[in-house]
Every structure is written in C-alpha cells, then in structure tokens.
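In: structure for the following, please:
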Amino acid sequence: MEDNRESALWEEAGRGCPVGAPAGRLSLPPTPPSTNRGCVVSEVIPLSFRPHWFRCSVFKGLSEVQSFFEQNVVERVGLPFEWIEKGPASRWSSILHHALGGGGVFILQYPVKSPVEYTVVEIRGYGCDALGAEGLGGFIEALESSGWRWHTKRIDLAWDGVPFTPLQFDEAVRAGQFVSRSMSVADRGWRNNEEGSTAYLPDVEKRKGRNRLVRVYDRRGPVRCELELHDEDAQACVLALCGKSVDRWSKTSVGYLLRTVDFRDVASGAQVNRCARLPWWEAFVGDAEKVKILGLPEAMPDHSITSVGMSEAAIMRSARRLVSIADAFGWAYVRERLEHYGRAKQRDEDRAFTADLKRYAGSGLAGLDEAPF
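Out: Numbers count the residues shown, from 1 in each chain. As a prediction, this is how the structure comes out:
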C-alpha cells in the first residue's frame, strides 16, 4: 500500500503537469479517485489494472544510471523533471529524489560501501501512474537490451474495482476456503479504522523471509487487490511481462496471483484443486494466463531442484557469518580462505556441479548476465 504522504501529492503533482501538455505525454491525474466504500464495487467502476511499485538494482554507478533513467523514462515519456539531492542516509551515500510534487516519486539510491557497484532504482506508486504500463514496460525493455546486469527487487501489481470486498477476502481465508503453497490461515492479517479496511495474506508482521504478499483494501477509492512480489519472484514476473503487449499484463499477473493464493469451495470435493472457485473470485480471475512455476518464467526450469537452487541454499546457510567476517577483514580475505579450504578438497562431483551451474549464466537468475567463472 502506498505511503500515506503520497495522497497529499496529487494536488501539487497537478501543478507540474500543465493543462494542454503535448499529445502523447503522460501526467498524474489532478485529484485522487473518490471513495466508494460500502458500495458494490463492480457496479461503480470497471475493473482496471496497473503496476503500482517497481524497484530494481542496476549494477552500474549512480551517474550512469541517472543518465540512463533520464533518457529512457523522462525524455521518452515527456515528464517535467528535476532531481533533488537528499544526501546520505543510513546505508546510502547518495539519494536522488524526483521532484514532481516534491515527494520522491522516482528514487535513485547509491550504497555507502559495497563489494559490488550498483544503484537502486525505485518507482513508487504515483510514479508508476505517471509512466503507465507502457512507460514502465519501455524502461524494463531498455534495461534488458542495455547489456547491463540488473535484477528486480520488488514489483506491486494492482487491480482496482475488484468484485469483492476486504471482508469477503478475510472471511474466506478464516473459513479455510483457499489454496496456497506458502501460506496458512494463521498467516492472515486484518486492519480496520476510520479510513477503511485491509485484509492481508500473510500479515505484514508475519512476512519476514517471504517474497509474496496479497492485500485487499478500500482505504483510498475503489476496492483494490494488490500482489506484492520480491526478489526471485519479482524478477521472474517482470521477465514474463517483458516483451508482452501491455494489454496482456493483467492476465499474466493474475496467473502469478493464482500461484500465490486461490479461493475454492474446498468442502465440495476431496481434490482441492478440482473444487469450484468461489463465485466472486472466479469473476475476477477467470481469464488468467497460466503460470507454470511461481517465481520463474515459463522457459526456465524450477531452480528449487537444480544446481542453482542448491547453490542459493549453500550461500544462504553461510551468508550471515561470511558477511560479518568480510565486514571485519574484507572480501579478499574471505575469498582467500574459501580458496584455501575448498579448492584442495574439490572432487569430480564438485567440478560437475560447477559445469552444471555454468548452464544458467545469462538466465537472469540472481542477476546473472554473464558466466561468473
């Protein structure tokens, strides 16, 4: 869900987009949509889809990424533009904010120190609105064709005017009328106040270590369903969207939503996946495109059972301690000790493991765009 401060930006954002801007140039709407809480939402507005948040790491310096962003976003879309230097903050040595409305609609962040040079690009909710799916898709395609190493850290996919309410969603979860490979009834969350209601799966306090979050809320306008994806799941979804016409993005994204959670009348049969979907859910997801494997484009194998999955598991087991050692002695020391203890003990099975891993170079997994060996 958007930062609360952004709701105050609509009025100011309109000042940066004068009436009568040249055709083909996009701008933020001057006012937020009016609320329709308590109404039958599907009768108020038609269902609409939009990407609502995008964050990626680009393995280049800040000045290069800034220039690339300006050429492939600002100039292409035709937005009024100005960077605001926010200076250092916590782990970032430099933060650039986009000035449209004065509120960080676009953000570039460069780390204080890192063994790898990279810049984080973040396009927040109203920034995605300003670009539209075509503008964001053009930026992603430009990244793909740049030859740079990059990977997605987060993408939010939002549907406004869904034919169900937060309460319907939450009641179905509490009743166990859903199917999920990664979440249970105990993961549900619910927030309700004067602004409206939000149903979460999983709850924001139970999401640590998870790459997926679904939320349904009526706090700002029509009832919205959002799918928030992180890391490998986000990268796979973005690569699946890349190259497709934007009118297919919603169906593909619903496919990823269904791989996260599905609502079915589980009491109607022994085989859960063959049970009928709940009517309000079927009305929403009925024309989804099938996604074979959550978190990976259809052309890629399931890396949870491949050498890539094994390598990620091995790194994860040692990462926290190795980072501590590197912080104390430097990454050169860590690499030298790994070589010392590991190289002499290599067996034929280890060398075969190396050869198999090389097949995935250039796949986009973990940001690989060239053979790392």
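
In: what is the least confident helix or strand in this protein?
Out: helix 9-15 (a mean of 32; mean pLDDT, DSSP states H and E).

In: next secondary structure element downstream of it?
Out: strand 48-58 (DSSP states H and E).

In: buried stuff in that following strand?
Out: Under the neighbour-count criterion of 16 or more other C-beta atoms under 10 Å, strand 48-58 has 49-58 buried. Any C-beta I mention is one placed from the backbone N, CA and C, and that applies to glycine too.

In: and residue 88, what pLDDT?
Out: pLDDT, residue 88: 82.

In: wait, what's in contact with it?
Out: 94-95, 112 (C-beta atoms under 8 Å, 6 or more residues apart in numbering).

In: what residue is smack in the middle of this structure?
Out: residue 155 (1.8 Å; C-alpha atoms, centre = their mean).

In: is that residue in a bridge, and if so with what?
Out: On the basis of DSSP bridges, residue 155 is bridged to residue 54, residue 229.

In: for residue 108, pull up the helix or strand it's in.
Out: Counting by DSSP H and E, residue 108 is part of strand 106-111.

In: model confidence over that strand, on average?
Out: 91.

In: with stretch 313-328 instead?
Out: Mean pLDDT, computed over stretch 313-328, is 85.

In: show me which residues of that stretch are buried.
Out: Using 16+ other C-beta under 10 Å as the burial criterion, none of the residues of stretch 313-328 qualify.

In: going along the chain, name the strands of the stretch 51-200 of the chain.
Out: Remark: strands assigned in the stretch 51-200 of the chain by DSSP state E, counting those that start in this stretch are 83-85, 92-98, 106-111, 119-123, 150-160, 178-179, 189-193, 196-201.

In: including distance to residue 339, could those strands go into JSON lines?
Out: Output for the strands of the stretch 51-200 of the chain, formatted as JSON lines (distance: least, C-beta to C-beta, whole Å):
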{"stretch": "strand 83-85", "distance to residue 339": "41"}
{"stretch": "strand 92-98", "distance to residue 339": "30"}
{"stretch": "strand 106-111", "distance to residue 339": "26"}
{"stretch": "strand 119-123", "distance to residue 339": "30"}
{"stretch": "strand 150-160", "distance to residue 339": "27"}
{"stretch": "strand 178-179", "distance to residue 339": "47"}
{"stretch": "strand 189-193", "distance to residue 339": "46"}
{"stretch": "strand 196-201", "distance to residue 339": "45"}
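
In: what count of nearby residues applies to residue 280?
Out: When counting by other C-beta atoms under 10 Å, one arrives at 16 neighbours for residue 280.

In: could you write out the alpha-carbon coordinates of the one helix or strand residue 332 maps to in CSV?
Out: Using DSSP H and E, residue 332 falls within helix 331-342. These are the backbone C-alpha positions of helix 331-342, laid out as CSV (Å, rounded to 0.1, in the frame of the first residue of the first chain):
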residue,chain,number,x,y,z
TRP,A,331,36.1,-9.7,1.0
ALA,A,332,39.5,-10.5,-0.3
TYR,A,333,40.3,-12.3,2.9
VAL,A,334,37.0,-14.3,2.7
ARG,A,335,37.8,-15.4,-0.9
GLU,A,336,41.4,-16.4,0.0
ARG,A,337,40.2,-18.5,2.9
LEU,A,338,37.5,-20.2,0.8
GLU,A,339,40.1,-21.0,-1.8
HIS,A,340,42.4,-22.3,0.9
TYR,A,341,39.9,-24.6,2.5
GLY,A,342,37.8,-25.5,-0.5
